[in-house]
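Colleague: predicted coordinates and the sequence they were generated for:
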Amino acid sequence: MTEWMSNHLLTFLVFAPAIWGLLILCFPEKQAPLAKLLAIFGAAGLFFISAARLLTIPPEGPMNLVFAEHMPWFSVVGLPVEYSLSIDGLNLWLVLLTTFLTPLTMLGTYRSVTQRAGSFMALILILESGMLGAFMAQDLLFFYLFWEAMLIPMYFVIGIWGGDERKYAANKFFLYTLSGSLLWLVALLYLATKAGTFAPGIMAATALGLPFSVQCTLFLAFALAFAIKVPLFPLHTWLPDAHVQAPTAGSVILAGVLLKLGSYGFLRFALPMFPDAFSHYAKPIAMLSVIAIVYGALVAMVQRDIKKLVAYSSVSHMGFVMLGLASMTVVGTQGAMLQMLNHGISTGALFLLVGMLYDRAHTRMISDFGGVASKMPVFTTFFFIVTLSSIGLPLTNGFVGEFLILNGTYISGFPWGRVFATVATLGVLLGAVYMLWMVKKVFWGPENPDEDSGTQHLHSDLSVREIAVMVPIVVLIFWMGLHPRSFISVSEQPIVNLLHSAKAPDPRVRVQPMLKPESATKDGLKDGLAADGAAPAAPSISGEEVRK
Amino acid sequence: MNLTSQNWAALMPLLVPSVAACLIPIASLDKDQDTVKSVRAAMFGMALLALGVSFFYFTRIWATGQNVFFSNLKMDRLGQFSGIFVTVAAMMALLQLWDHLHHEGWMKGETLSLLLFSAVGMMLFASTTNLLMMFLGLELLSLPLYVLTATVRFREESIEGGMKYFITGAVASSCFLMGTVLLYGLTGTLELDGIGTAILTTGADPLILVGAVLLLMGFLFKISAVPFHQWTPDAYEASPHPIAGFMSVATKGVAVIALMRAFPGAIGLHTATGQRVGMALAVLAAATMIIGNLSALPQTNVKRMLAYSSISHAGYLLLGFVAGTPEAYTGVLFYLVIYLAMNMAAFGMLTAFGLVGEHTQFEDLRGLGWKRPVLGVAAVITMLSLAGIPPMGGFFGKYFIFKELVKTGHVGLAVLGVTASLVSVYYYLRVVVALFLEQPSESQVREASEKPEIQSFLSTTTVLICAAIILAGGFFQNLLVDGFAAKALKEGIEILR
């Protein structure tokens, strides 16, 4: 058993939650408490296994050789599809984020779901399987399968346990996401039939041989699917509905992990497969990201529902991620990687906290509260720390991510970089405005005297269980803020290789890293940074300073 | 006449159900109140046994890998494939019919007999290359279905639907016959192979095109492709659910297989006639997908929705013909297998939930998923598969066809296809919404508590088997495609000559 585990760790990680979830699904309604406990233990166990196994290897080593599984799956009617999973610098932390957030979410919403709680937890576990599979899959059809299959449990989580408008929100979420991915499927099939395989490396090589206009069309099809998931402005309209209607756990997973799949898709597939098209469209993407940052912040400012405010802040924060990717610099991309983790932790925590407040007060309207700080001091402390991390105060994780992204944008070789960086900085400011505004009104303003208001229903501060959920998150917030190096060092080498090959003039060089992910040398690193066009600034940020 | 063992092998699978079909009405003459129950069970048992024997013969021939024949009856791999296909569908329909007719309170022996005759006709239709034999098969499968549609005579819609189906069906049959006559007159043979070679030598005669088009109309009517689809919703709504399922699956399936024998098989798509037929198929496939899916959207009746959905699936199947590569036809056969499971489960689900007569609105499904979770989950699997969401089998059916479509350069049609299936997701989700996301209204709860518990063990079992096939299609495609669909195609007919 242990030997099988060490040989098939990734298979175990991907399918164990689903199998566990399916077993729990078979539990009768009466056994819900037992089912919930088993689900949490299962998810927690998976986190410990994943952390223990994945963090043992040296961060600089050729890790994707250690954790990779390849075998042919089916090759019927011509096109081979591979069962291919691997973990490298690009997805290591995202995988860990998934396994980390899932048990915490379950524990945090342990009492929130009262009806059919066993099935709810089971669906979250199945969802975890889908997300982990999508993060690890290295064959594009395999990735696509997870990408789509993931929608099914999420659909039910929103549709069954959501708010009053849950049917509408669930359908919108499902159809909106699907609309992008179906066109992407056609593009995928087009490229795969040309390449004769779904392996991204060979597909990238094939794509480079196609005319530039075709490359652009294919890239747009890819980008549409990923941008809807991110969500990039103006494709974000499904997000507020889904978030507001979803139960707390659904929102946490949605914001914490699902959205990352979009930006991860850009980084893992769209950028290396269509480097020319990516740099061709980098400016529009960056422009949309900046619009998302500012627009998300402005809309968040006028929200009356705390959860909706957090949902719009997600749009704003994910805009930063996309801006970092569009900069096509090592610093910016590293910042985007870090910002993905930051957003997963901070926004996930915010949704959890809002859920805790809602469980007590049964309302989420800002105007229903006021003076919460005197009633729930512990809760207020946690909420304030997470808020600070969300607005990017130095010492917290938010600051490092946003700083790297803005830096990357500023120094990017593109002439528009400085303008965008300046406007995006405004977004940071606006973020502080709406978050602090909300915090002030909810926690410190005058206590709402109305009998039916939310404040009057707050009788108890956080329980031990809820504190146990928040403590690891707060620890991570500071850890990531103080020593970001431990989170982004693994992704540095892959990103350097990726950008280096994307910018190399010779097409043959470009596809090499995708065929042999660890082939680039130290020279490659230097070249990659030099190619950023701002060599003196780049190493000082991504390399030395952060390392200290 | 001396029959060799090979002749017998080809004949037996058709002979056994035919004999049983003749015997069953005799058994149903017994009107004695004391024995009626046991006679009824015996009739069902006999019908099931006959189909089982037929299925057994087919699988045995399949296992030996022989191509057996009896005069014009060609039990090649493709014929065996369709035989297995039809017998499985008929057995499932039979099992569901037991439950359904008990729910309706309407039990007649001739129903079973007609079902068997129709199944024999289907086997004949798909396992011959002689146009006249094909026509015989077509009539033998159609006439019992017209009657079956109107089985439940006390419902007015039932008679109406049966009548509509009969009149339009008769027109289609006469078109098919006219096409046969024209082709025979021009080429001097009824064999598809002979017609194919004659067309190659004589070149494009406009009358040959007319004959081919008339023939095509006959097929397309049975496939229920636009514009020959108007009968579908009415006929499905009128007929008992299992019969509707059987019609949608088996009729469409054998028509697709027979079309394969006629068009790419005999009249190759590279000839002048074939190219025009191919173009017509492309246009019709697009129209079928668009009209089928858009008409399904506003339906309030689950059965009518399923009828339009089956029209749209005809469009996807025709896309395989447009692509026209051997892989695409393999994909079509794979799709048919999954489609059998999907539609038998979709219609069987209604029977299993005990919804009969007029009670097939979306509202009637409310909250039933929670009431019977296992069946509910199977229904959800079916609906997601119909919508083409991975990891269900339906996704791979579409995937195989769209892939070949893109490969042969029909990217526009592929985009149209995925857009159409996006639209379809919405109406399939309505079933899921009703089953799990909605609560039953108070009057429904009251009604349900007054009625006795619904017994539907047999139909529930068939739905579960279908769901298992769908999941198997999603995870073990190799088995189904290489072992079944590809073999049927390769050793059945030479598609590309």
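Modeller: Looks like it arrived, so ask away.

Colleague: can you pull the residues of chain B lying near chain A?
Modeller: B:327, B:330-331, B:384, B:389-391, B:395, B:399-400, B:402-404, B:406-407, B:411, B:414-415, B:418-419, B:421-422, B:425-426, B:429, B:433, B:436-438, B:477-478, B:481-482, B:486 (CB under 8 Å from any CB of the partner chain). Any C-beta I mention is one placed from the backbone N, CA and C, and that applies to glycine too.

Colleague: buried ones among these?
Modeller: The neighbour-count test (16 or more other CB atoms under 10 Å in any protein chain shown) applied to these identifies B:327, B:330-331, B:384, B:389-391, B:395, B:399-400, B:402-404, B:406-407, B:411, B:414-415, B:418-419, B:421-422, B:425-426, B:429, B:433, B:436-438, B:477, B:481, B:486 as buried.

Colleague: check contacts around residue B:244.
Modeller: Counting by CB atoms under 8 Å, 6 or more residues apart in numbering or on different chains, residue B:244 touches B:235-237, B:303, B:306-307, B:347.

Colleague: quick one: low-confidence ranges for chain A?
Modeller: Across chain A, the ranges flagged by pLDDT under 70 are A:1, A:57-66, A:75-78, A:504-548.

Colleague: strands of that one, residue ranges please.
Modeller: Taking DSSP state E as the criterion, chain A carries its strands at A:68-74, A:81-86.

Colleague: to chain B, which of the ones you listed lies closest?
Modeller: Nearest of those to chain B, taken as CB to the nearest CB: strand A:68-74 at 4.9 Å.

Colleague: buried ones among the contacts of residue B:244?
Modeller: The neighbour count (16+ other CB under 10 Å) marks B:235-237, B:303, B:306-307, B:347 as buried among those.

Colleague: of those residues, closest to residue B:270?
Modeller: Closest approach between those and residue B:270, by CB to CB: residue B:307, at 35.1 Å.

Colleague: what mean pLDDT does the helix or strand hosting that closest one get?
Modeller: Following DSSP states H and E, the helix or strand that holds residue B:307 is helix B:302-323. Mean pLDDT, helix B:302-323: 92.

Colleague: give me the number of residues near the closest residue to residue A:458 other than its chain neighbours?
Modeller: Counting by CB to CB, 6 or more residues apart in numbering or on different chains, residue A:458 lies nearest to residue A:375, which is 4.6 Å off, once chain neighbours are set aside. Residue A:375: 19 surrounding residues under other CB atoms under 10 Å in any protein chain shown.

Colleague: sorry, back to before: which of the residues of chain B next to chain A fall within helices?
Modeller: Residues of the residues of chain B next to chain A located in helices (DSSP state H): B:327, B:330-331, B:384, B:395, B:399-400, B:402-404, B:406-407, B:411, B:414-415, B:418-419, B:421-422, B:425-426, B:429, B:477-478, B:486.

Colleague: what parts of chain A come near chain B?
Modeller: A:74, A:76-79, A:144-145, A:148-149, A:151-152, A:155-156, A:159-160, A:166-167, A:170-171, A:174-175, A:178-179, A:182-183, A:185-186, A:189-190, A:192-193.

Colleague: write the PyMOL selection for whichever of the residues you listed are buried.
Modeller: In PyMOL, a selection of the buried entries from the residues of chain A next to chain B looks like this (16+ other CB under 10 Å):
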select buried, chain A and resi 74+76+77+78+79+144+145+148+149+151+152+155+156+159+160+166+167+170+171+174+175+178+179+182+183+185+186+189+190+192+193
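
Colleague: which residue packs closest to the residue of the stretch 351-500 of chain A found nearest chain B, ignoring adjacent ones?
Modeller: Per CB to the nearest CB, residue A:362 is where the stretch 351-500 of chain A lies closest to chain B, at 20.6 Å. Among residues not flanking residue A:362 along the chain, residue A:457 sits closest, at 6.7 Å (CB to CB, 6+ apart).

Colleague: the one you found and residue A:79, how far apart?
Modeller: Look at residue A:457 and residue A:79: by CB to CB, to the nearest Å, they are 58 Å apart.

Colleague: residue B:298 sits in which helix or strand?
Modeller: Residue B:298 is part of no helix or strand when elements are defined by DSSP H and E.

Colleague: contacting residues around it?
Modeller: Per CB under 8 Å, 6+ apart, neighbours of residue B:298: none.

Colleague: same check on the one 5 residues further on?
Modeller: Taking CB under 8 Å, 6+ apart, we find residue B:303 in contact with B:236-237, B:241, B:244, B:347, B:350, B:360.

Colleague: what's the burial count for the closest residue to residue A:20 other than its chain neighbours?
Modeller: If the residues on either side of it in the chain are set aside, residue A:20 comes closest to residue A:42, at 4.4 Å by CB to CB, 6+ apart. Using other CB under 10 Å as the criterion, residue A:42 is surrounded by 24 other residues.

Colleague: ok, the residue nearest to residue A:458 touching residue A:457?
Modeller: No. Residue A:375 is beyond contact range of residue A:457, at 9.8 Å (criterion: CB atoms under 8 Å).

Colleague: in helices, which of the residues of chain A next to chain B fall?
Modeller: A:144-145, A:148-149, A:151-152, A:155-156, A:159-160, A:166-167, A:170-171, A:174-175, A:178-179, A:182-183, A:185-186, A:189-190, A:192-193.

Colleague: skip the chain neighbours and tell me the closest residue to residue 347.
Modeller: Let's take chain A. Per CB to CB, 6+ apart, closest to residue A:347 is residue A:255, 4.6 Å.

Colleague: wrong one, chain B
Modeller: residue B:245 (3.2 Å).
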